[in-house]
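**Q** only geometry, no sequence info:
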């Protein structure tokens, strides 16, 4: 081996030895040493507010509900047409004098009496009346009567009632049709030939009446009317002939009736 080659080998060995010595002296770098220092804790005001996650909405099913079968609407029953009211001529042909809108003009006469304690013997009375048929069953009427309730010797007790009434007529399967009614009005009470200053005064009263009528022909009727009246008297009035009046007095009458229907 030549001398230059030996020098070169010695230099190379020395260089390798120095490089190895320098690597042995460098300390190894650990991963824990590279961890950054912890940051100071943020205050509650500095911390960002956490957003609430929206609740999950139920997912609508894509399956469409089956439509209910359409119900068939029932056919509407047509309302019956209103029955037209019969003409007066038709009603008169069917119901006679009791047809709706028929008027009655009546004359009546008969017996009358007072039920007072000292009343005299009953005598008679007469009157005139008007009646309007509101329907074939109901009627409204007015009447004026003059009743001599009693007499003692030449002294007389008289009542003159001005009244109005409603009556209910009953259609029996007979020619005679009865009725019943209720009315009231003013009763003018008067004495004759008694030598008293209390000759008379009006007083209120009411009455019930029953009776009936029977047609003679299409325009005329005959019947009977019975009335019981309850009349307010004059307390404290004493008549020299008939005695003291009562707070309430009862009068009654029964009269034959003749009527014209038009």
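**A** Received, thanks. Quantities reported herein were computed from a predicted structural model and do not represent experimental measurements. Numbering: from 1, shown residues only.
**Q** helix/strand/coil for the closest residue to residue 218 other than its chain neighbours?
**A** Nearest non-adjacent residue to residue 218, counting by Cβ to Cβ, 6 or more residues apart in numbering: residue 96, 6.7 Å away. C-beta coordinates here come from the backbone N, C-alpha and C atoms, glycine included. Following DSSP: H, G, I helix; E, B strand; the rest coil, residue 96 is assigned to helix.
**Q** ditto for residue 194
**A** Using three-state DSSP, the structure places residue 194 in coil.
**Q** these two touch, right, it and residue 158?
**A** No. Using Cβ atoms under 8 Å, residue 194 makes no contact with residue 158, being 11.2 Å away.
**Q** Can you show me the strands along this structure?
**A** Using DSSP state E, the strands of the chain run over 103-114, 123-133, 138-152, 155-169, 177-192, 200-215, 220-232, 238-239, 243-244, 248-261.
**Q** Of those strands, which is nearest residue 85?
**A** Evaluated with Cβ to Cβ, those place strand 123-133 nearest to residue 85, the distance being 14.5 Å.
**Q** Contacts for the closest one next, please.
**A** Under the contact criterion Cβ atoms under 8 Å, 6 or more residues apart in numbering, strand 123-133 has outside partners 98-113, 139-151, 156, 167, 253, 255, 257, 259.
**Q** May I have the strands that pair with it, each with its orientation?
**A** strand 103-114 (antiparallel), strand 138-152 (antiparallel) (DSSP bridges).
**Q** would you list the ones you listed in TSV and tack on distance to residue 16, mean pLDDT and mean neighbour count?
**A** Shown next, in TSV, are the strands paired with strand 123-133 (distance: least, Cβ to Cβ, whole Å; pLDDT from 0 to 100; neighbours: other Cβ atoms under 10 Å):
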stretch	distance to residue 16	mean pLDDT	mean neighbour count
strand 103-114	158	96	19
strand 138-152	148	95	19
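**Q** ok, residue 111 - contacts?
**A** Counting by Cβ under 8 Å, 6+ apart, residue 111 touches 122, 123, 124, 125, 253, 254, 255.
**Q** And for the third one, the neighbour number?
**A** Using other Cβ atoms under 10 Å as the criterion, residue 124 is surrounded by 14 other residues.
**Q** Likewise for the last one?
**A** In terms of burial, residue 255 registers 24 neighbours under the definition other Cβ under 10 Å.
**Q** Against residue 96, how distant is residue 216?
**A** If you measure residue 216 against residue 96 using Cβ to Cβ, to the nearest Å, the figure is 11 Å.
**Q** More neighbours: which of those two?
**A** Using other Cβ under 10 Å as the criterion, residue 216 and residue 96 rank with residue 96 on top: 18 against 13.
**Q** Looking at residue 192 now. What's its pLDDT?
**A** In the prediction, the pLDDT value recorded for residue 192 is 87.
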